[in-house]
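> heads up, no residue letters with this:
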């Protein structure tokens, strides 16, 4: 049982609880591997907030591009964030946008780890040593 | 009080917003005269913005008036597709994720 506060102390709120649920049945070594990958890939919710705020200066929807919703990103960009209404809603909602994306990334990381095709330092069989 | 707060936090705000937006669009009358506008830019006194007419164009689309819809705002069809897809995705997320926190 690994503690989330030891491996990923920067998490907060709902995300903290969710990642703790994932780390619950891992040992410390797996957890630190997970933490390393997850930290590199997750999006900070402050970045979502700042990109969302750029919507008021004409570049709306950048946060939607960043979290992989290209369609909505284009729509926001070409309509000034649905006439600012969409931007304002996302300003209220930015934490759950980041949370949704980070949950997806956590599951991707888990799947990658359980597949075993993770570049491991111990058994670099050929392609990992370049 | 605390219970009410956690309940509010679990509320799918974005889903409510998109569904509310679609219901609002179905209810407006695109042929009518200028009506009360929610648009903050319009209320600030700007007469034009890149998203102007999108709601009316989507409303015209549901009434089958494609030509008028295109001349009002060409992105209406795209907006409909993207928003419906987003609603589907949000409902799917709501159903499949369980929160440990």
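Arrived safely. Remember, predicted model here, so these are calculated numbers, not experimental data.

> chain A contacts on chain B?
With C-beta under 8 Å from any C-beta of the partner chain as the criterion, chain B comes near chain A at residues B:9, B:13-14, B:17, B:38-42, B:49-52, B:54, B:75, B:78-79, B:81-82, B:85-86, B:93, B:97, B:99-101. In this view, the C-beta of every residue, glycine as well, is placed from N, C-alpha and C.

> what stretches of chain B score poorly on pLDDT?
B:1-2, B:5-10, B:30, B:32-37, B:98-101 (pLDDT under 70).

> any idea which helix is longest in it?
Looking only at chain B and at elements set by DSSP state H, the helix with the highest residue count is helix B:76-96.

> so which elements touch that helix?
Where contact means 3 or more C-beta pairs under 8 Å, 6 or more residues apart in numbering or on different chains; DSSP states H and E, helix B:76-96 is packed against helix A:70-78, helix B:13-27, helix B:54-62, helix B:66-72.

> just the angle between it and helix B:54-62, please?
Note on geometry: by axes from the mean of the first three to the mean of the last three C-alpha atoms, to 10 degrees, helix B:76-96 and helix B:54-62 are set 90 degrees apart in direction.

> OK, now which residue of chain A is nearest to chain B?
The minimum distance from chain A to chain B, using C-beta to the nearest C-beta, falls at residue A:17 (2.1 Å).

> ok, back up a step: quick one: buried residues of the longest helix of chain B?
Within helix B:76-96, the residues that count as buried by 16 or more other C-beta atoms under 10 Å in any protein chain shown are B:76, B:79-80, B:82-83, B:86-87, B:90, B:93.

> kindly indicate which of the residues you listed lies nearest chain A.
The closest of the buried residues of helix B:76-96 to chain A turns out to be residue B:82 (C-beta to the nearest C-beta; 4.0 Å).

> dump the residue contacts of the nearest residue to the closest one once chain neighbours are set aside.
If the residues on either side of it in the chain are set aside, residue B:82 comes closest to residue A:71, at 4.0 Å by C-beta to C-beta, 6 or more residues apart in numbering or on different chains. When contacts are counted by C-beta atoms under 8 Å, 6 or more residues apart in numbering or on different chains, residue A:71 touches B:78, B:81-82, B:85-86.

> any idea which element residue B:52 lies in?
Counting by DSSP states H and E, there is no helix or strand that carries residue B:52.

> what number of residues are in the vicinity of it?
As a burial measure, residue B:52 scores 20 neighbours (other C-beta atoms under 10 Å in any protein chain shown).

> I figured it was touching residue A:83, is that so?
Yes - the pair residue B:52 / residue A:83 is scored as a contact, 7.1 Å apart, by C-beta atoms under 8 Å.

> shared neighbours, those two?
With contacts taken as C-beta under 8 Å, 6+ apart, the residues that reach both residue B:52 and residue A:83 are residue B:39.

> and for the residue of chain A closest to chain B, the neighbour number?
Around residue A:17 sit 14 other residues, with neighbours defined as other C-beta under 10 Å.

> what helix or strand is it on?
Using DSSP H and E, residue A:17 sits within helix A:13-23.

> buried stuff in that helix?
By 16+ other C-beta under 10 Å, the buried positions in helix A:13-23 come out as A:14-16, A:18-20, A:22-23.

> with stretch A:78-96 instead?
Of the residues in stretch A:78-96, those buried by neighbour count under the rule 16+ other C-beta under 10 Å are A:78-91, A:93-96.

> hmm, who's touching that stretch?
Contacts of stretch A:78-96 with the rest of the structure, by C-beta under 8 Å, 6+ apart, involve A:13-14, A:45, A:48-49, A:52-53, A:55-56, A:58, A:60-61, A:63-64, A:75-76, A:97, B:13-14, B:17, B:38-42, B:49-52, B:54, B:75, B:79.
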